[in-house]
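Novice: Got a sequence here, can you build the structure:
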Amino acid sequence: MKDLLNIDENDILTGSPRSKFFDTIFNANRNLVEDVLEQNLERYAAMEHILKEHFGDDAEMMIQELSYDSQTIIEDGKNDIFIKIVGEILSMHE
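Specialist: As a prediction, this is how the structure comes out:
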């Protein structure tokens, strides 16, 4: 069916958000990727700090419980992050 539709394997509409994320970070300008990843890690660190401030030692347990109990929520969240980062890299690349 793929051949009948003549879809290029590099088409942005094919592949998973995860595969597009890795394609993008391995092929885009290294300095650009470093900047975007660093910005996202800073955001992650801030969110982690907020969680620890509000929930203390329970924060890690809550994260692990959610990861175990709600795989769909976690997978959807990861896909959203993959898409967000690819969008940031591509928009800065223009």
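
Novice: Skip ahead from the helix or strand of the chain with the lowest mean pLDDT and say which helix or strand is next.
Specialist: Here the helix or strand of the chain ranked lowest by mean pLDDT, DSSP states H and E is helix 2-5, holding a mean of 35. For helix 2-5, the following helix or strand on the C-terminal side (DSSP states H and E) is helix 17-27.

Novice: Name the residues of stretch 22-29 that are buried.
Specialist: Under the neighbour-count criterion of 16 or more other C-beta atoms under 10 Å, stretch 22-29 has Thr24, Ile25, Ala28 buried. Every C-beta, even on glycine, is put in place using the N, C-alpha and C of the backbone.

Novice: what's in contact with it?
Specialist: Outside stretch 22-29, the residues that touch it by C-beta atoms under 8 Å, 6 or more residues apart in numbering are Gly15, Val33, Leu37, Ile85, Val86, Ile89, Leu90, His93.

Novice: now swap in stretch 58-70 and tell me
Specialist: The contact list for stretch 58-70, computed with C-beta under 8 Å, 6+ apart, reads Glu48, Leu51, Lys52, Phe55, Ile73, Ile74.
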